[in-house]
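Student: Give the three-dimensional model of this entry:
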Amino acid sequence: MRIIFTVLLCALLSSCQLTPSDSPKYLTVLHTNDNHGRFWHNEKGEYGMAARKTLIDRLRSEAQQQGHAVLLLSGGDINTGIPESDLQFAEPDFKGMSLLGYDAMAIGNHEFDNPLAVLDKQQTWANFPLLSANILHEKDNSHAYQPYAIVKKSDLTIALIGLTTIDTAKIASPEYLGDLVFAEPAEILPTVVESIKAQHAVDVVIAVTHMGHYHDAKFGINAPGDVTLARRLAPNTIDMIIGGHSQEPVCVDAQGNEDTQFAPGKACTPDQQNGVWIMQAHEWGKYVGKAQFKIENGVKSLLSYELIPVNLKGSDGEYVNDYIQPDPKLAEFLKPYQTFGEQKLKGSVGYVDNYLDGKRSTVRFKQSKLATLIIKAQMESVDADFGLISGGGIRHSIEAGNVSYKDILKVHPFKNRITVMNWKGSELYDYLNTVARFPPDSGAYMQYHGLSFDFIDGKLSNVLINNKPLDKNANYRMSINSYNAAGGDGYPNLTSLAGFEPTSATDAQVLKEYLKKHSPIRVGLL
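Tutor: Now for the predicted structure:
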């Protein structure tokens with residue numbers, strides 16, 4: 001009789017928990033982002049997908065033994081950065097991720113560095129979905145790519161929703177975007193979540209994003225990122241954001257400010273905004289993020305978080321953690337891709353006598369000797385009077401000494417073609433009055449050669465072409481790459497103007513030929 005009474009009482013009291021489904025559940029989320037072609041370890045033996053697999057296999061096994069459901073997610077940007085990968089359209093990277101067991105990834109802006117047919121092919125190489133809910137076809141606002149995925153892990157049903165930075169519309173090559181438009185994520189996400197919850201009983205909702213994390217929503221000239229998104233959402237719309245794009249370890253201090261003391265091997269506390277945890281694992285597979293959650297009565301509690309280094313070395317040249325032995329089967333699978341790339345890239349094409357700085361903190365902030373070399377090569381290839389490019393198109397430095405084609409492709413991974421714009425002086429003045437406005441700390445920041453000017457209080461003056469004052473009635477020939485000419489980085493679109501001339505030569509090809517012809521390059525004379 002006592003047993004019957006207890007059962008009846010429990011049926012009436014919501015606080016009584018009899019079934020396994022009412023007991024706490026546990027979830028481990030593993031994540032990376034901004035791979036940028038790093039399927040192979042670097043020259044120092046750091047990171048690489050084979051070592052990542054060893055680590056992830058161990059973390060997954062440990063979590064499952066603890067009764068956790070396990071997810072592996074990527075914040076996107078698999079493409080562009082390492083020539084061995086770029087030459088093969090990131091085939092080794094996507095196939096390597098498939099063997100690592102990724103559950104989903106956000107589509108990043110660099111997934112549009114090639115024609116759309118390449119992205120379609122990459123989806124066939126991946127045995128996991130490439131997600132974005134806010135990339136739409138302009139003609140009918142239909143989803144251009146899979147917007148979300150529902151995955152079941154152990155006794156959890158999880159919704160994964162992809163989101164892509166709206167900056168893609170200006171920083172991707174316009175010629176590769178077709179009819180795609182990028183909707184505001186904070187406007188489209190609630191509708192998608194509502195639709196999911198109407199169809200599925202989900203335990204966890206995760207936004208897998210490529211939007212960037214900007215502390216305290218200070219996104220500057222960038223499109224709003226993960227913090228702004230979290231703050232704009234109604235409570236309980238999503239539970240966490242697994243992000244990418246800004247390529248940082250998202251770690252905060254006790255006051256929620258950026259943890260400037262974080263370094264490989266140190267503790268990391270992820271950001272939390274409006275009840276949403278925000279996580280990002282720097283870049284290149286340098287870390288695997290590991291978040292452990294307890295889910296009870298609908299409440300998700302973060303139990304622990306780590307950014308685990310993947311064979312990173314400290315300033316002393318030693319590994320900051322114990323060395324992770326690369327997975328032999330994955331290393332064997334990836335080796336032919338690495339060998340193919342090396343064979344294509346080996347050999348010297350020229351010589352520079354000093355370091356040419358292509359760091360982001362240089363080319364997006366001030367005039368660079370490397371940019372001067374690049375522009376001189378482009379000007380010579382089309383017999384231009386002067387030339388310019390956006391600093392964000394320079395992706396790597398060149399070390400002093402012999403320069404290989406691989407070194408050049410690190411600088412120029414995008415396959416932009418060289419173009420010419422023939423200007424009348426008065427039209428050129430109007431154009432310069434626009435592009436001179438792009439501020440430092442932006443990819444659009446203008447690098448130039450054969451040109452000088454003053455730009456003070458929003459006014460352009462003292463424009464010189466090859467040290468001679470701009471004549472508004474004269475004609476001038478300007479070199480510019482196809483990306484900026486087509487409107488990339490917010491530059492005016494020149495392609496429909498009468499004076500525009502395209503060529504088939506790429507930026508990497510003309511820099512290679514310039515180095516062959518003019519080496520040794522004396523950096524001090526640039």
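
Student: can you give me the strands for the stretch 301-450 of the chain?
Tutor: 348-352, 386-390, 401-404, 417-424, 446-449 (DSSP state E, counting those that start in this stretch).

Student: Only the buried residues of the longest one, if you could.
Tutor: With burial defined by 16 or more other Cβ atoms under 10 Å, the residues of strand 417-424 counted as buried are 417-423. (Each C-beta comes from the backbone N, C-alpha and C, glycine too.)

Student: How about the first one?
Tutor: Burial within strand 348-352, assessed by neighbour count using 16+ other Cβ under 10 Å, is assigned to 349-350, 352.

Student: List the residues that contact residue 350.
Tutor: Contact analysis of residue 350 by Cβ atoms under 8 Å, 6 or more residues apart in numbering lists 402-403, 512, 514-516, 518-521.

Student: tell me which of the residues you listed is nearest to residue 105?
Tutor: Taking Cβ to Cβ as the measure, residue 105 lies nearest residue 512 of the contacts of residue 350, at 32.9 Å.

Student: Helix, strand or coil: sort out the closest one for me.
Tutor: With DSSP: H, G, I helix; E, B strand; the rest coil as the basis, residue 512 sits in helix.

Student: just so I know, which of the strands of the stretch 301-450 of the chain lies nearest residue 85?
Tutor: strand 401-404 (16.0 Å).

Student: which strands and helices sit next to the closest one?
Tutor: For strand 401-404, the packing partners by 3 or more Cβ pairs under 8 Å, 6 or more residues apart in numbering; DSSP states H and E come out as strand 348-352.

Student: Can you show me the helices along the stretch 101-250 of the chain?
Tutor: Listed in chain order, the helices of the stretch 101-250 of the chain (DSSP state H, counting those that start in this stretch) span 116-125, 168-171, 185-199, 226-232.

Student: and of those, who's closest to residue 370?
Tutor: That would be helix 168-171 among the helices of the stretch 101-250 of the chain, by Cβ to Cβ, at 20.1 Å.

Student: so how far is the closest one off the chain centroid?
Tutor: In this view, helix 168-171 has its centroid 12 Å away from the chain centroid, taken as Cα atoms, centre = their mean, to the nearest Å.

Student: can you tell me which residues contact the residue nearest to residue 386 when sequence neighbours are not counted?
Tutor: Nearest non-adjacent residue to residue 386, counting by Cβ to Cβ, 6 or more residues apart in numbering: residue 450, 3.1 Å away. The contact partners of residue 450, by Cβ under 8 Å, 6+ apart, come to 375, 379, 384-387, 465-466.

Student: And for residue 307, the neighbour number?
Tutor: Applying other Cβ atoms under 10 Å, we find 24 other residues in the vicinity of residue 307.

Student: one step back: dump the buried residues of strand 417-424 into a markdown table; add pLDDT as well.
Tutor: Output for the buried residues of strand 417-424, formatted as a markdown table (pLDDT from 0 to 100):
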| residue | pLDDT |
| --- | --- |
| 417 | 94 |
| 418 | 97 |
| 419 | 97 |
| 420 | 97 |
| 421 | 98 |
| 422 | 97 |
| 423 | 97 |
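
Student: which stretches of the stretch 401-526 of the chain form helices?
Tutor: Using DSSP H, counting those that start in this stretch, helices in the stretch 401-526 of the chain cover 405-411, 425-435, 482-485, 507-518.

Student: Which elements pack onto the longest one?
Tutor: Just to be clear, that refers to helix 507-518. strand 348-352, helix 369-382, helix 405-411, strand 417-424.

Student: repeat that for 6 Å
Tutor: Applying 3 or more Cβ pairs under 6 Å, 6 or more residues apart in numbering; DSSP states H and E, one finds that helix 507-518 makes contact with strand 348-352, helix 369-382, helix 405-411.

Student: outside of the longest one, which residues touch it?
Tutor: Here helix 369-382 makes contact (Cβ atoms under 6 Å, 6 or more residues apart in numbering) with 356, 358, 387, 418, 420, 447, 449, 479, 505, 510-511, 514, 523, 526.

Student: Taking the contacts of residue 350, please make a ChimeraX selection of just the buried ones.
Tutor: To isolate the buried ones among the contacts of residue 350 in ChimeraX, judged by 16+ other Cβ under 10 Å, type:
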select :403,512,514,515,519,521
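
Student: if I look at the closest residue to residue 290 other than its chain neighbours, how far off is residue 151?
Tutor: In space, and not counting its chain neighbours, residue 290 is closest to residue 306: 4.7 Å by Cβ to Cβ, 6+ apart. The gap separating residue 306 from residue 151 is 23 Å, by Cβ to Cβ, to the nearest Å.

Student: Restricting to C-alpha, output stretch 402-416 in PDB.
Tutor: C-alpha atoms of stretch 402-416 as PDB (Å, rounded to 0.1, in the frame of the first residue of the first chain):
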ATOM      1  CA  ASN A 402      65.900  33.100 -50.700                       C
ATOM      2  CA  VAL A 403      62.200  33.400 -51.500                       C
ATOM      3  CA  SER A 404      60.200  30.400 -52.700                       C
ATOM      4  CA  TYR A 405      57.000  30.300 -54.600                       C
ATOM      5  CA  LYS A 406      55.500  29.000 -51.400                       C
ATOM      6  CA  ASP A 407      56.500  32.200 -49.600                       C
ATOM      7  CA  ILE A 408      54.800  34.200 -52.300                       C
ATOM      8  CA  LEU A 409      51.600  32.100 -52.100                       C
ATOM      9  CA  LYS A 410      51.500  32.700 -48.400                       C
ATOM     10  CA  VAL A 411      51.500  36.400 -49.100                       C
ATOM     11  CA  HIS A 412      49.000  36.100 -52.000                       C
ATOM     12  CA  PRO A 413      46.600  33.100 -51.300                       C
ATOM     13  CA  PHE A 414      43.600  34.500 -53.100                       C
ATOM     14  CA  LYS A 415      44.400  34.200 -56.800                       C
ATOM     15  CA  ASN A 416      43.400  37.800 -57.400                       C
END
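
Student: Report the separation between residue 117 and residue 467.
Tutor: Applying Cβ to Cβ, the value for residue 117 to residue 467 is 46 Å.

Student: do the same with residue 167
Tutor: 36 Å.

Student: which of the two has more neighbours?
Tutor: residue 167 (23 against 8).

Student: pLDDT averaged over the host helix or strand of residue 56, what's the number?
Tutor: Assessed by DSSP states H and E, residue 56 sits inside helix 49-65. Averaged over helix 49-65, pLDDT sits at 98.

Student: How far does whatever helix or strand comes next after that helix sit from its chain's centre?
Tutor: Using DSSP H and E, the helix or strand that directly follows helix 49-65 along the chain is strand 69-74. Put simply, strand 69-74 sits 19 Å off its chain's centre (Cα atoms, centre = their mean).
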